[in-house]
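K.L.:
here is the input, now give the coordinates:
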Amino acid sequence: MTKNHQDLFRSTRKDWASPFFTGLMAFATAIILAFAAVILSNILWQGWEAFSWRFITSRADQNMFDSQQAGVLQMIAGTSARVVLMTIFVMPIGVITAIYLTEYARKDSLLTNLIQSAVNNLAGVPSIVFGLFGLGFFVNFIGGNLDLILRPEQAAPYWRNPALIWASLTLAVMTLPVVIVSTEEALKAIPPGLREASMALGATRLETVIRIVIPQALPGIMTGGVLAVGRAAGEVAPILFTGAAYYMSGYPSHLTDQFMDLGYHIFILSTQSPDIEGTRSILYATVITLLLLTFTLNLLTILMRARIRTKLRTFH
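P.N.:
Below is the predicted model of the structure:
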């Protein structure tokens, strides 16, 4: 058989593997979407009765288990505050760390390997461990020392209390690996030729990173922010000991204030309600509110990322 006949035989032979695995992946995707649809449908069905504009714009009363008086405005404010503050804390540290690992660090150095190992290990730590870490390090150690330095004559602790700043810092530590890894991938996707051309024209490495690499990688960096916000918005364990309050009549106005939280409120409704059946609709309505708040925060970040991409395309 000649070479031309062999090529013709290969081209006419049916490829059964590609359609099979394509169908398998489509089936797996359909199962995932079906599970998500069932979960969302159940949440909407159970909570739609109590979910209303009054519910999300009313302040929580001390009798938060009463379906006629229940409101979640303080929880929305507290959840939004801790997520925004967490983003402010985690993004600069995560981006700077990723830039160092990608642009400056030697790939075979011991320090680089230690940092990479620490990032990988942090990504697998349970969230409750971060909560205990935040209580021991931020609240007791940092807060206790701040009281000794700034308020030596005051007996009552001020900084050594659960507070918004400690909860946000704990969440920042928890989401740090997500930001570092996503930023690293975004920086590695930038063609090396852009860096080489910039430095060939006389720019320093720092100028190249600031003016060429970071603007090109900014959409990917924003993706890390989206992932961090999505993970932190629904977390309860890290804030359980570091800032969440069972009930507050007002809103957090200082970094040292405690706050009410949607996720923690869901935990309270599901474990401490005197009438589980009677408050079931409030529980699911709070879940709907948390989902909507998470989607809204993610949507704002996605819109910012899309706007940055549009500006980059216009610039080029």
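K.L.:
quick one: the helices in this structure?
P.N.:
3-12, 17-47, 53-57, 73-99, 110-123, 127-133, 143-150, 164-188, 192-200, 205-208, 214-233, 237-240, 262-271, 280-315 (DSSP state H).
K.L.:
and these, which one's lowest on average pLDDT?
P.N.:
Among the helices of the chain, helix 3-12 carries the lowest mean pLDDT, a mean of 53.
K.L.:
so for Tyr158, which of the helices of the chain sits nearest?
P.N.:
Tyr158 lies closest to helix 143-150 among the helices of the chain, at 5.9 Å (C-beta to C-beta). C-beta: built from backbone N, CA, C; applies to glycine.
K.L.:
which other helices and strands contact that closest one?
P.N.:
Packing partners of helix 143-150 (3 or more C-beta pairs under 8 Å, 6 or more residues apart in numbering; DSSP states H and E): none among the helices and strands.
K.L.:
ok, Ser168 to Pro157 distance?
P.N.:
19 Å (C-beta to C-beta, to the nearest Å).
K.L.:
neighbour count winner among the two?
P.N.:
Between Ser168 and Pro157, Ser168 has the larger neighbour count (other C-beta atoms under 10 Å), namely 28 against 14.
K.L.:
my guess is the more buried one contacts Leu85, does it?
P.N.:
Yes. Taking contacts as C-beta atoms under 8 Å, Ser168 lies within contact range of Leu85: 3.9 Å.
K.L.:
a markdown table for the helices of the chain, including distance to Ser253?
P.N.:
A markdown table is the format used below for those (distance: least, C-beta to C-beta, whole Å):
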| stretch | distance to Ser253 |
| --- | --- |
| helix 3-12 | 72 |
| helix 17-47 | 30 |
| helix 53-57 | 19 |
| helix 73-99 | 10 |
| helix 110-123 | 32 |
| helix 127-133 | 24 |
| helix 143-150 | 19 |
| helix 164-188 | 9 |
| helix 192-200 | 46 |
| helix 205-208 | 39 |
| helix 214-233 | 21 |
| helix 237-240 | 18 |
| helix 262-271 | 19 |
| helix 280-315 | 20 |
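K.L.:
most tightly packed of those helices?
P.N.:
helix 237-240 (a mean of 26; mean count of other C-beta atoms under 10 Å).
K.L.:
and that one, how far out from the chain's middle?
P.N.:
Once both centres are worked out by C-alpha atoms, centre = their mean, to the nearest Å, helix 237-240 turns out to sit 14 Å from its chain's centre.
K.L.:
stretch 82-101 too?
P.N.:
Using C-alpha atoms, centre = their mean, the offset of stretch 82-101 from its chain centre is 11 Å.
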